[in-house]
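Engineer: Have a look at this fold, sequence not included:
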């Protein structure tokens, strides 16, 4: 299964105050985030983490998390260099990714730490997951903030993302009346 999360900020005590997280310490926050992660993610699942994983010594955190982690974030930030010490724990590291959910939902999903106004295939109503805003950004069309602050401190499954996207309006640049989609609609009639 595929899961999505971001902005965990493991070991970052200041994030508790910055984002009004309901924890008394970074240790308590770490325990809740790890428990929530492992309650949904199995050993062989894929987890797309959209950046701001954590700070300081993270080996114990990595050793306790289930799944193969795909890390999506710019590698230029100082705190991201701390995470990169553990690059052996990641299946892939990239600043931007587009993955296929064609088999399940007939879409591609663009993943980026930062919110985009338009993304690859957005004009076909495909999806975008982002982070960085800690639940404070208004989604645009078929997009969603995958960060823990916006998702009750749990990762979201692909099925949960699909339910969210089903409630979202079409992307502003969706070309449903032209080209490919017109031909597709005519073939379906």
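Structural biologist: Arrived safely, thanks for sending. Computed from a prediction, not measured in an experiment: that's the story for all the values here.
Engineer: can you give me the strands for the protein?
Structural biologist: Using DSSP state E, the strands found in the chain span residues 2-5, 46-49, 68-72, 90-94, 96-101, 107-112, 127-130, 143-145, 156-157.
Engineer: helices or strands next to the shortest one in the packing?
Structural biologist: Looking back up the chat, that one is strand 156-157. Counting contacts by 3 or more Cβ pairs under 8 Å, 6 or more residues apart in numbering; DSSP states H and E, strand 156-157 is packed against strand 2-5. For every residue, glycine as well, the C-beta is placed using N, CA and C.
Engineer: Please compute how far the strand it packs on lies from its chain's middle.
Structural biologist: 6 Å (Cα atoms, centre = their mean, to the nearest Å).
Engineer: Any chance you could list what contacts it?
Structural biologist: Under the criterion Cβ atoms under 8 Å, 6 or more residues apart in numbering, residues 37, 40-41, 45-50, 67, 99, 101, 111, 129, 146-148, 151, 154-158, 161 lie in contact with strand 2-5.
Engineer: most packed of the strands of the chain?
Structural biologist: strand 127-130 (a mean of 27; mean count of other Cβ atoms under 10 Å).
Engineer: Bridge partners for the closest residue to residue 99 other than its chain neighbours, pull those for me.
Structural biologist: Residue nearest to residue 99 in three dimensions, not counting chain neighbours: residue 109, with 5.3 Å by Cβ to Cβ, 6 or more residues apart in numbering. In this entry, residue 109 is beta-bridged to residue 99, residue 127, by DSSP bridges.
Engineer: if I look at residue 109, how far off is residue 170?
Structural biologist: Relative to residue 170, residue 109 is positioned 16 Å away (Cβ to Cβ, to the nearest Å).
Engineer: Also residue 24?
Structural biologist: From residue 24 over to residue 170 (counting by Cβ to Cβ), the distance is 43 Å.
Engineer: Residue 70 now?
Structural biologist: Distance from residue 70 to residue 170, by Cβ to Cβ: 27 Å.
Engineer: hang on, isn't residue 145 packed against residue 139?
Structural biologist: Yes: here residue 145 reaches residue 139: they are 6.9 Å apart, a contact under Cβ atoms under 8 Å.
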